[in-house]
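> Have a look at this prediction, sequence included:
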Amino acid sequence: MASTQQDKNAGDTHDRSEKLVDRFLDAIWMERGLSSNTLGAYRADLMTLERGLSERNILIEKAQKADLLEFIAQRVESGAKPRSTARQLSSFRRFFRYIMREGMRDSDPTADIEMPRIGRSLPKSLTEDEVDALLHAPNTDEPLGHRDRAMLELLYATGLRVSELINLKQSEVNFNQGVIRIVGKGDRERLIPLGDEAQRWMRDFIDGPRMEILLERQTDYLFPTRRGDRMTRQAFWHIIKRYATKAGVEKKLSPHSLRHAFATHLLNRGADLRVVQLLLGHSDLSTTQIYTHVARERLKDLHGRHHPRG
């Protein structure tokens, strides 16, 4: 009987903690308009913490610095990576600041806990030969294959984000000036040169295969699906993976692999880092500086080949 009562108390405590977490999520959604994915990540982090603390009969809202450090240490011992630990700690900080603001406690147990150091790694870039193989993978005799080739050519020519590519409208392409107008993150607008090859594939696509895909349907999105809709990020990611397999590219790819190749190959051929920053649409040069090792390697190579004491 005592065990049943303990189980009931534990269940009540869990429900109360879960409701508190849900209140917190509602509050930050109202304040920040966060995506469902971000809210889901916060919820997962906090409920993982709640379960870990409940095993030691500690309520999440009553947790102290030592409790959190013990929880983090256990996670690290179980193989948690620094990036995962940093994300969890960020979730905990936001939660405890919220309950302090609500008057549920007067101190933040995360205040003096240092974030783990995370090295910013550059995704493995495709070589120029690998990009060339990827670009030649679509069957351009078919309308959808021609569309895919034009999309891949445009990505590599401009370094667009995938979200910017699939949302690109015909009205944002200026063939007379050879540029596209992109409104990226933070509603920042940038003009990006297209390059002759990308322009040729895009013109050919618009003049024929695009109309074959749309038939009688109308859309301003430049790269429609067979249904005449805007393509999703997931659909384009599947397209990239399919062509990478066909091209024999064995590197682990991401949806932004061609964006990274664009930046890396520009730097390899002598582009200035600030120019690459503008083309990528980074508001801060520090974001672009994950590519500085590329520039350093190029300088070392130039020094080695041309300096008399190299």
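Sure, I can see it.

> so what's residue 261 closest to, chain neighbours aside?
Counting by Cβ to Cβ, 6 or more residues apart in numbering, residue 126 is the residue found nearest to residue 261 once chain neighbours are left out, at 4.5 Å. In this view, the C-beta of every residue, glycine as well, is placed from N, C-alpha and C.

> cool, residue 253 as well?
Using Cβ to Cβ, 6+ apart, the closest residue to residue 253 is residue 244 (5.5 Å).

> That neighbour: how many residues sit nearby?
20 (other Cβ atoms under 10 Å).

> ok, it - contacts?
By Cβ atoms under 8 Å, 6 or more residues apart in numbering, the contact set of residue 244 is 134, 137, 253.

> okay if I get those residues as a markdown table plus neighbour count, pLDDT and secondary structure?
Listed next are these as a markdown table, based on neighbours: other Cβ atoms under 10 Å; pLDDT from 0 to 100; DSSP: H, G, I helix; E, B strand; the rest coil:
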| residue | neighbour count | pLDDT | secondary structure |
| --- | --- | --- | --- |
| 134 | 24 | 93 | helix |
| 137 | 21 | 96 | coil |
| 253 | 21 | 83 | coil |
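
> Just the pLDDT for the residue nearest to residue 261.
For residue 126, the pLDDT comes out at 84.

> which SSE is it in?
Taking DSSP states H and E as the definition, residue 126 sits outside all helices and strands.

> Verify the stated contact: residue 63 with residue 53.
Yes: using Cβ atoms under 8 Å, residue 63 and residue 53 qualify as a contacting pair, with a distance of 5.7 Å.

> Which of those two has more residues huddled nearby?
Remark: of residue 63 and residue 53, residue 63 carries more neighbours, 23 against 20, as counted by other Cβ under 10 Å.

> Which pLDDT value belongs to that one?
90.

> mind listing what it touches?
Contacts of residue 63 (Cβ under 8 Å, 6+ apart): 49, 53, 109.

> ditto for residue 84
Contacts of residue 84 (Cβ under 8 Å, 6+ apart): residue 75.

> So which bits of whatever helix or strand it lives in are buried?
For residue 84, the host element (DSSP H and E) is helix 82-101. The neighbour-count criterion (16 or more other Cβ atoms under 10 Å) identifies 85, 87-89, 91-96, 98-99 as the buried residues of helix 82-101.

> still on that earlier bit, could you list every residue that touches the residue nearest to residue 261?
Counted by Cβ under 8 Å, 6+ apart, residue 126 has contacts 134, 249, 251, 253, 257-258, 260-261.

> and these, which of them are in helices?
134, 257-258, 260-261 (DSSP state H).

> and the two most separated of those residues?
134 and 260 (12.9 Å; Cβ to Cβ).

> State the distance from the nearest residue to residue 90 once chain neighbours are set aside to residue 73.
Spatially, and ignoring its direct neighbours in sequence, residue 90 is nearest to residue 115 (7.8 Å; Cβ to Cβ, 6+ apart). As judged by Cβ to Cβ, to the nearest Å, residue 115 and residue 73 stand 15 Å apart.

> In the chain, where is pLDDT below threshold?
1-14, 117-124, 185-186, 282-310 (pLDDT under 70).

> For the spatially closest residue to residue 183 that is not a sequence neighbour, grab the count of nearby residues.
Using Cβ to Cβ, 6+ apart and skipping the chain neighbours, the partner closest in space to residue 183 is residue 189 (5.1 Å). Look at residue 189: counted by other Cβ under 10 Å, it has 9 neighbours.

> Quick one: residues contacting residue 189.
181-183.

> Over to residue 143?
Residue 143 neighbours (Cβ under 8 Å, 6+ apart): 208-210, 212-213.

> how about the helix or strand harbouring residue 180 as PDB, C-alpha atoms only?
Counting by DSSP H and E, the element that carries residue 180 is strand 179-183. Output in PDB follows, covering the C-alpha atoms of strand 179-183 (Å, rounded to 0.1, in the frame of the first residue of the first chain):
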ATOM      1  CA  VAL A 179      22.100  38.800 -60.600                       C
ATOM      2  CA  ILE A 180      19.400  37.500 -58.200                       C
ATOM      3  CA  ARG A 181      17.900  39.400 -55.400                       C
ATOM      4  CA  ILE A 182      17.700  37.500 -52.100                       C
ATOM      5  CA  VAL A 183      16.000  38.500 -48.900                       C
END
